[in-house]
Structures are given as C-alpha cells and as structure tokens.
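[1] Build the 3D model from these lines:
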Amino acid sequence: MRLFGSPLFPRPLDAPVPVASFEEELPAANVESRERIELGAAVYRVRCAGCHGVTGDGQGEAAAYMQPKPRDYRQGVFKFTSTPYGMKPVRADLVRTIRRGAKGTAMPAFRWMSEEELQAVIDYVILLSQRGEVELYVATIAEIEYDPSDDISDGVFLEGLTTVRDRWNAAESSVVYPLTPPPAYDDASIVEGRRAFLTRGCSKCHGDDGKGQTKWLSHEYIAQQESLPPAQRDQINLDVWNHPAPAADLTARMLHGGRRPIDIYRRIFTGINGTPMPSFSEALSAEPETIWQLVDYVQSIVEGRKVDFSSLAGLQSPDGAAGPPAGQP
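    Model prediction:
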C-alpha cells in the first residue's frame, strides 16, 4: 500500500519512491499525476471492475458467467502484444484492446471513451499489474530466503518495484516489426499458407479444418470429461491463469487479437503470452516469407475467400489425415 496506494487513493506510476527504505514519508506526486490516476481508478471502478475485479484479479461479480474468463492483471501477463513472447505490452497495445475490444469474448469495444479517460484508466491498469507483480516477486523471495517469522526488508519491495518497472520500460523499444514486406495477397500465397499450416505444426492444435479446440470452453464437455476415469480424459492445456486454453476456431472469423495482417503476423511470430500458442520466430527464421503466407491463409479464412486447394490434395499434417481446407467449400 505504501508503494501503490489503495483503490480509492492510488499513487501515480511516476510518483517518487524512497531509495532504500520506507522509514521516511514517501514523497508526494505532483497534482496532475495524482488527479490522472484517481480519474483512472474511478473509470476502472465503473467500467472494468465488474469483470476484472477491484484488484485486477479477474474475479469481478460478472466473471463467473463468462467464458473465456476476464483477464487477471496481477501476474503482469497480457496476451495480445506487439512485443516478443514473454514481454510486457506497449501502451499502444492496451489502447487497441480497450478501443476495439476482443472479438469472441465479453471484452467490449470502448470506442466512445474520451482520450483523457482512456489514458487514465490505462495508467490504473498498469498500476494494478505492477502491484500484483511486485507482490509475486516479494512472495517468491520470501519463500526462498526468509523464515515465516521474519520481517521482509523494505529493500526487497523496492528491488521488486525496480525490476518490474524496468520490464515495462523495456517493452517500448522492443516492438516486433515484420522481417520482410508482405507478398501480394493472392491465391498463390494463400495456397502456400495452407501448405505451411498443414506441415509446420499449426494444424496440430488448430486441426486440419481450422476449428481448433474450443469445445474445451463448453461446460457440458468439461462435465463429460470429469465423469470419465482420469486415464480416459482428454488432455486439456491450461494457460497461466489456470483456465482451459484451446487453440482458436479460425473458421469462427473472430480473432481475439485483431484481424489486421500485422496482428496475425505478430500472433504467429511472437506467439500469445500466457498460452500454449508458441512463437514461430525461430522455426521460420530462415523462411520469413512463410509467415506472411500463413497470414494470408488465415486472412482468407476470416474473409471467407474461396480458393482452389486441389494442388494440395492428399497432403497430410504430421498428426492426422488431410481434411477440407478451413473455411472453404
């Protein structure tokens, strides 16, 4: 609380902090910063806390009725970023998520929100995230280095804060940009993208038909699985929030992370934080054009574009028989 304040009286992100201890009164933030973070907290309470929870734990009053679940910010993990896997988002990523929402989820688009409120609530979301990360950092250190009866030194909290903020600051200079210009978006590129989809590991999770594993989100499916002996149950992958993490149904044409070609490129290149979706940056480092071909193939599914895949007849993915092209007749 000394470092971050409370939900009603939060301390701004740029508020000064002591160098070594909390013995002296913490320096006050400037009036403009304090008013902005208080505005962000007020916007968050009205617009966000019902789903994401007062502390950002994803346990708001409406969360129990939602699938997928609202994001828990406290681990500092944000799924859809323009930075490499494992890194924090840049501010523009949070702006885009709030302005556009997340298709196929309960996260709405707040296009009408004023710029002042938008920037203020982003500050507050980052504050909640950093607070949770520092708490996790201190808890980890305490478990390793402290006895249960020991007092944790102020320095551990301050070290955690510095570490967390350094990670956030590093993100701004780490945005992923395409390695090569995009090719012409045509049938030839889409066919090659379909070939890569079947042979480079994409269909292993998304399926040859691109329908993914979204049945994992069904209460009926989960109940049916729980009725089986453990040895007979399907293996369900979980995300870092301990929720089922199915590969997306591409044929639903609702890409949570955005439908722009650059959004699809980054999902393939960097993966999706906190989920089993890996980065293909190393696997495809010698063939960057393949990433764009996969982008074109996914985009063709979203658009419902009809493409002749007869040249791929009989081609099989490593884990199964060839199926009909995703989203195609």
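[2] least trustworthy helix or strand in the chain by mean pLDDT?
    Ranked by mean pLDDT, DSSP states H and E, the helix or strand of the chain with the weakest confidence is helix 219-226, at a mean of 88.
[3] Return the set of buried residues in that one.
    Y221, Q225 (16 or more other Cβ atoms under 10 Å). Quick note: C-beta positions are derived from backbone N, CA and C, even for glycine.
[4] Over to stretch 186-203?
    189-198, 200-203.
[5] hmm, back to that, list the buried residues in the next helix or strand after the least confident helix or strand of the chain.
    Scanning forward in sequence from helix 219-226 by DSSP states H and E, the next helix or strand is helix 261-270. Going by neighbour count (16+ other Cβ under 10 Å), the buried part of helix 261-270 is P261, D263, I264, Y265, R266, R267, I268, F269, T270.
[6] What of stretch 86-97?
    Those would be M87, K88, P89, V90, D93, L94, R96, T97, for stretch 86-97 by 16+ other Cβ under 10 Å.
[7] measure stretch 47-55 end to end?
    Stretch 47-55 has an end-to-end distance of 14 Å (Cα to Cα, to the nearest Å).
[8] returning to what we had before: closest to S300 out of the buried residues of stretch 186-203?
    I190 (4.7 Å; Cβ to Cβ).
[9] distance of the closest one from G257?
    20 Å (Cβ to Cβ, to the nearest Å).
[10] Dump the buried residues of helix 261-270 into JSON lines; add pLDDT and distance to S114 as well.
    Shown next, in JSON lines, are those (pLDDT from 0 to 100; distance: Cβ to Cβ, whole Å):
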{"residue": "P261", "pLDDT": "95", "distance to S114": "30"}
{"residue": "D263", "pLDDT": "95", "distance to S114": "25"}
{"residue": "I264", "pLDDT": "96", "distance to S114": "30"}
{"residue": "Y265", "pLDDT": "97", "distance to S114": "31"}
{"residue": "R266", "pLDDT": "96", "distance to S114": "28"}
{"residue": "R267", "pLDDT": "96", "distance to S114": "30"}
{"residue": "I268", "pLDDT": "96", "distance to S114": "34"}
{"residue": "F269", "pLDDT": "96", "distance to S114": "34"}
{"residue": "T270", "pLDDT": "94", "distance to S114": "31"}
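[11] biggest separation within these, which pair?
    P261 and T270 (14.6 Å).
[12] give the contact list for I190.
    Q293, D296, Y297, S300, R305, V307 (Cβ atoms under 8 Å, 6 or more residues apart in numbering).
[13] Beyond the host helix or strand of it, next helix or strand please.
    When elements are assigned from DSSP H and E, I190 belongs to helix 187-199. Using DSSP H and E, the next helix or strand after helix 187-199 towards the C-terminus is helix 202-206.
[14] Who are the packing partners of that following helix?
    Judged by 3 or more Cβ pairs under 8 Å, 6 or more residues apart in numbering; DSSP states H and E, the packing partners of helix 202-206 are helix 187-199.
[15] Could you quantify the relative orientation of the helix it packs on and helix 261-270 as an angle?
    Going by axes from the mean of the first three to the mean of the last three Cα atoms, to 10 degrees, helix 187-199 is angled at 30 degrees with respect to helix 261-270.
[16] Now helix 187-199: average pLDDT?
    Mean pLDDT, helix 187-199: 96.
[17] cool, stretch 63-73 as well?
    Mean predicted lDDT for stretch 63-73 stands at 90.
[18] Use 29 as the first number from now on
    Will do, 29 is the new start, and the previous item becomes stretch 91-101.
[19] What are the buried residues along that stretch?
    A91, P96, K97, P98, R99, D100, Y101.
[20] all helices of this structure, in order?
    Ranges of helices within the chain are 59-75, 77-80, 119-128, 143-173, 182-199, 215-227, 230-234, 247-254, 289-298, 316-331, based on DSSP state H.
[21] Could you check the pLDDT of the spatially most central residue of the chain?
    Central residue of the chain (Cα atoms, centre = their mean): K107, 0.7 Å from the mean position. What the model reports for K107 is a pLDDT of 93.
[22] What residues does it make contact with?
    K107 touches R99, H284, G285, I300, N301, G302, T303, counting by Cβ under 8 Å, 6+ apart.
[23] outside of stretch 121-140, which residues touch it?
    75, 79, 90, 94, 96, 98, 106, 108-111, 141, 146, 149-150, 153-154, 280, 282-287.
[24] redo that, cut-off 6 Å
    M94, P96, T109, S110, I150, M282, H284 (Cβ atoms under 6 Å, 6 or more residues apart in numbering).
[25] Return the two entries of those residues that lie farthest from one another.
    M94 and S110 (25.6 Å).
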